[in-house]
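Trainee: Turn this into a model:
(one chain, ligands or ions: 2)
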Amino acid sequence: MTKPKVLISDALSPAAVQIFKDRGIEVDFQPALGKDKDKLAEIIGDYDGLAIRSATKVTAKILANARKLKVVGRAGIGVDNVEIPAATAKGVIVMNTPFGNSITTAEHAITLMLALAREIPAADASTQAGKWEKNRFMGVEITGKTLGVIGCGNIGSIVADRALGLKMKVVAFDPFLSPERARDIGVEKVELDDLFKRADFITLHTPLTDKTRNIIDADAIAGMKKGVRIINCARGGLVDEQALADALNTKQVAGAAFDVFVEEPATGNVLFGHPNVICTPHLGASTTEAQENVALQVAEQMSDYLLTGAITNALNFPSITAEEAPKLKPFVELAEKLGSFAGQLTETGISKVTITYEGQVAEMKIKALTSAALSGLLRPMLGDVNVVSAPVVAKERGMVVDEVVRAAQSDYESLITVTVFTERQERSVSGTVYADGHPRLVDIKGIRVDAEFGKSMIYVTNEDRPGFIGKFASLLGDAGVNIATFNLGRHSQGGDAIALVEVDGSVPENVLAKVQALPQVRQAKALTF
Ligand SMILES: NC(=O)C1=CN([C@@H]2O[C@H](COP(=O)(O)OP(=O)(O)OC[C@H]3O[C@@H](n4cnc5c(N)ncnc54)[C@H](O)[C@@H]3O)[C@@H](O)[C@H]2O)C=CC1
Ligand SMILES: O=C(O)CCC(=O)C(=O)O
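Mentor: Ligands and ions are numbered 1, 2, ... in the order given. Here you go, the predicted model:
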């Protein structure tokens, strides 16, 4: 196997380079490349993995050139610099490290809150300028004050914990925060209007979504306590910057501390220059500890995926642990081959696919198996589809996908059945994995068989009549097509029968036409796996 190759295009800790090397992965560390999108587009085609922070923008245009790319790893939390739908459509896994920088970012929010309360940056600048303006700087205590936390997930709840330690009262608005969790972490769950009315300090910790964009706008600010102070260490765009600047001018807002901006890098911004505004250049995650954590974690996760297929913290695919990956692998292969078998036999539009998991396989990660079956099914028709992109492609094409899970009902410990519905017919194929780890076909359209998936196969449906097998075999022999394995099955004596023959090399079209012309043959197809 050739070594996978990874590009690091942002300033990750060098710890990541070492992990990739130790795991036997070739790595190019180009920490400034993320800013040069043309160069990135030019070279991305050489890499299996791309490790980034926030400077690299993984756009559809970059992805279009990413011929070999399998995984994008974000050393950090927010993935708004990655076009995930485009990555998914291209079959690229996007993973992040959801916890590695949470403490550091929460500490940055607390730091900014305290700095705001005592106007530390302005007092520092004035003192170092030799002014000694003791009477200019009059701060506020935070003890006993109310902190409003908008978004109480990983970082928000750490901020709440630290603020409680500083003897603040904490109210939180987060539609997904359960009352039990709120109680456990010692915060009062409130509605947003209530938070605005009560908070002396407000800190934001949500992702930027259609619901959270401008969650603090002019109306929201009008509903706040006069003299409120606002901290944003989450994402630019959560606060309407112009509305905030206006409110700073009228003193409705007494101060604001921002680490993130609508446009980054923020080299000019409407907030710059206002009194009691503190700005940092997206430093939330910038501590030695956090950068080491996220770099190590992303490198391990990407290596696991590239080398073993284990998937952790993916945003566009279910997680598969390192323990699950080897057990799942033969079933992924089985699901993909069953899908491929059904796909190669299907000539008209598919309206629905049902995938049934029976026995032990029903306990596994069936989402991953379904994706594999869909990719096998769609690839003969659409070409460039893989397990990551297949569910999206199926949905775009209006295909209904049903998953059925049930206890073992057959002789097999595990059985997967793929049933494809078209306008004209319904066709099922079933398979299992034997102890040798090889997938086997065990049922085609209700007819029992026992066949491995060969590289090149001929599938024939015929009437069960004497003489057919002899004629079929001599026809192949006369044409110089060597038979590797020969499998037969039938419904009943004289009824529908199946022949599934593995041959060496590809099946010439004229040979297939001759097979099709044999008197008992209903259908003859060349299949490849
Ligand atoms: N400044 C920096 O360098 C860093 C910024 N971040 C950003 O911090 C933010 C929070 O990160 P985490 O706490 O790890 O995320 P998280 O996913 O653990 O928490 C986000 C919380 O926001 C809540 N939420 C979602 N929609 C909401 C809405 N409409 N109103 C109120 N709450 C809502 C969710 O329920 C969740 O509890 C993210 O935007 C992340 O990108 C993270 C790390 C570093
Ligand atoms: O990598 C960084 O410095 C930014 C961190 C961040 O914003 C995130 O993890 O969401």
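Trainee: Do a quick rundown of the strands in the stretch 151-300 of the chain.
Mentor: 169-173, 188-189, 201-204, 228-232, 253-258, 277-279 (DSSP state E, counting those that start in this stretch).
Trainee: burial of Ala435, as a residue count?
Mentor: For Ala435, the neighbour count with other C-beta atoms under 10 Å is 6. Every C-beta, even on glycine, is put in place using the N, C-alpha and C of the backbone.
Trainee: Next: Ser410.
Mentor: Residues contacting Ser410 under the criterion other C-beta under 10 Å number 14.
Trainee: what do you get for Ala394?
Mentor: Ala394 sits with 22 neighbouring residues when counted by other C-beta under 10 Å.
Trainee: May I ask which helix or strand encompasses Val404?
Mentor: For Val404, the element it lies in under DSSP states H and E is strand 400-406.
Trainee: Can you give the contact residues for that strand?
Mentor: Around strand 400-406, the neighbours that count as contacts under C-beta atoms under 8 Å, 6 or more residues apart in numbering are 351-358, 362, 366, 370, 374, 391, 394-395.
Trainee: Could you tell me which of the residues you listed belong to helices?
Mentor: Using DSSP state H, the members of the contacts of strand 400-406 that fall in helices are Ile366, Thr370, Leu374, Pro391, Ala394, Lys395.
Trainee: Tell me which residues touch the closest residue to Ala11 other than its chain neighbours, please.
Mentor: Nearest residue to Ala11, sequence neighbours excluded (C-beta to C-beta, 6 or more residues apart in numbering): Pro31, at 4.3 Å. Counting by C-beta under 8 Å, 6+ apart, Pro31 touches Ile8, Ser9, Asp10, Ala11, Leu12.
Trainee: Strands - which of those residues land there?
Mentor: Taking DSSP state E, the ones among the contacts of Pro31 that sit in strands are Ile8.
Trainee: Make a markdown table from the contacts of Pro31 and add neighbour count, distance to ligand 2 and pLDDT to it.
Mentor: Formatted as a markdown table, the contacts of Pro31 follow (neighbours: other C-beta atoms under 10 Å; distance: C-beta to the nearest ligand atom, whole Å; pLDDT from 0 to 100):
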| residue | neighbour count | distance to ligand 2 | pLDDT |
| --- | --- | --- | --- |
| Ile8 | 31 | 13 | 98 |
| Ser9 | 28 | 13 | 98 |
| Asp10 | 22 | 7 | 97 |
| Ala11 | 18 | 8 | 96 |
| Leu12 | 24 | 9 | 97 |
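Trainee: one step back: any idea which of the strands of the stretch 151-300 of the chain is most buried?
Mentor: Among the strands of the stretch 151-300 of the chain, ranked by average contacts under mean count of other C-beta atoms under 10 Å, first place goes to strand 201-204 (a mean of 28).
Trainee: all helices for the stretch 301-450 of the chain, in order.
Mentor: Remark: helices assigned in the stretch 301-450 of the chain by DSSP state H, counting those that start in this stretch are 324-345, 366-382, 390-396.
Trainee: Compare the ones you listed and report which one is nearest to Ile84.
Mentor: Closest approach to Ile84 among those is made by helix 390-396 (10.5 Å; C-beta to C-beta).
Trainee: quick one: buried residues of that closest one?
Mentor: The neighbour-count check on helix 390-396 (16 or more other C-beta atoms under 10 Å) flags Ala390, Pro391, Val392, Val393, Ala394 as buried.
Trainee: again, but for stretch 74-83
Mentor: Residues Arg74, Ala75, Gly76, Ile77, Gly78, Val79, Asn81, Val82, Glu83 are the ones in stretch 74-83 that count as buried (16+ other C-beta under 10 Å).
Trainee: Kindly report the same for stretch 38-53.
Mentor: The neighbour-count check on stretch 38-53 (16+ other C-beta under 10 Å) flags Leu40, Ala41, Ile44, Tyr47, Asp48, Gly49, Leu50, Ala51, Ile52, Arg53 as buried.
Trainee: Tell me the spacing between Arg136 and Ala220.
Mentor: Distance of Arg136 to Ala220, given as C-beta to C-beta, to the nearest Å: 30 Å.
Trainee: Compare these two and say which is more crowded by neighbours.
Mentor: A count of neighbours by other C-beta under 10 Å puts Ala220 above the other of Arg136 and Ala220, at 20 against 11.
Trainee: In space, what's closest to the residue of the stretch 51-200 of the chain found nearest ligand 1 - neighbours in sequence excluded?
Mentor: Closest residue of the stretch 51-200 of the chain to ligand 1, C-beta to the nearest ligand atom: Gly153 (1.9 Å). Once flanking residues are discounted, Gly153 sits nearest to His205: 6.6 Å by C-beta to C-beta, 6+ apart.
Trainee: ok, back up a step: how far off helix 366-382 does the strand holding Val404 point, in degrees?
Mentor: Counting by axes from the mean of the first three to the mean of the last three C-alpha atoms, to 10 degrees, strand 400-406 lies at 140 degrees to helix 366-382.
Trainee: so what strands line up beside strand 400-406?
Mentor: Here strand 400-406 is paired, per DSSP bridges, with strand 350-359 (parallel).
Trainee: What's the local residue count around Ser414?
Mentor: Neighbour count of Ser414, defined by other C-beta under 10 Å: 20.
Trainee: which parts of the stretch 51-200 of the chain sit against ligand 2?
Mentor: With C-beta under 6 Å from any ligand atom as the criterion, the stretch 51-200 of the chain meets ligand 2 at residues Arg53, Ser54, Gly76, Ile77, Gly78, Asn101.
Trainee: So what does the spatially closest residue to the first one that is not a sequence neighbour have for phi and psi?
Mentor: Translated: Arg53. Nearest residue to Arg53 in three dimensions, chain neighbours excluded: Asp10, at 3.9 Å (C-beta to C-beta, 6+ apart). Note on Asp10: its backbone torsions stand at phi -130, psi 180 [degrees, to the nearest 10].
Trainee: my read: Asp10 touches Val58, true?
Mentor: No. Assessed by C-beta atoms under 8 Å, Asp10 is found out of contact with Val58, at 10.9 Å.
Trainee: shared neighbours, those two?
Mentor: Here Asp10 and Val58 share the contacting residues Ile52, scored by C-beta under 8 Å, 6+ apart.
Trainee: how near is the residue of the stretch 51-200 of the chain closest to ligand 1 to ligand 2?
Mentor: Separation of Gly153 from ligand 2 (C-beta to the nearest ligand atom, to the nearest Å): 12 Å.
Trainee: I'd like the numbering to begin with 28 instead of 1 from here.
Mentor: Okay, residue one is now 28; in that scheme the one you just asked about reads as Gly180.
Trainee: Check the gap between that residue and Ile79 for me.
Mentor: Plainly put, Gly180 is 22 Å away from Ile79 if you go by C-beta to C-beta.
Trainee: Next up, the contacts around Phe495.
Mentor: Phe495 neighbours (C-beta under 8 Å, 6+ apart): Asn489, Ala524, Leu545, Gln547, Val548.
Trainee: Take the residues you listed and keep only those in strands.
Mentor: Reading strands off these with DSSP E, I get Asn489, Ala524, Val548.
Trainee: hang on, the earlier thing: what about the strand holding Val431, average pLDDT?
Mentor: Across strand 427-433, pLDDT averages out at 96.
Trainee: Residues contacting whichever strand or helix holds Gln543, please?
Mentor: Following DSSP H and E, one finds Gln543 within helix 536-544. The contact list for helix 536-544 (C-beta under 8 Å, 6+ apart) reads Ile485, Val487, Phe499, Leu502, Leu503, Ala506, Val508, Val548, Gln550, Ala551, Lys552, Ala553.
Trainee: near ligand 2, from those?
Mentor: Among the contacts of helix 536-544, no residue sits close to ligand 2 (C-beta under 6 Å from any ligand atom).
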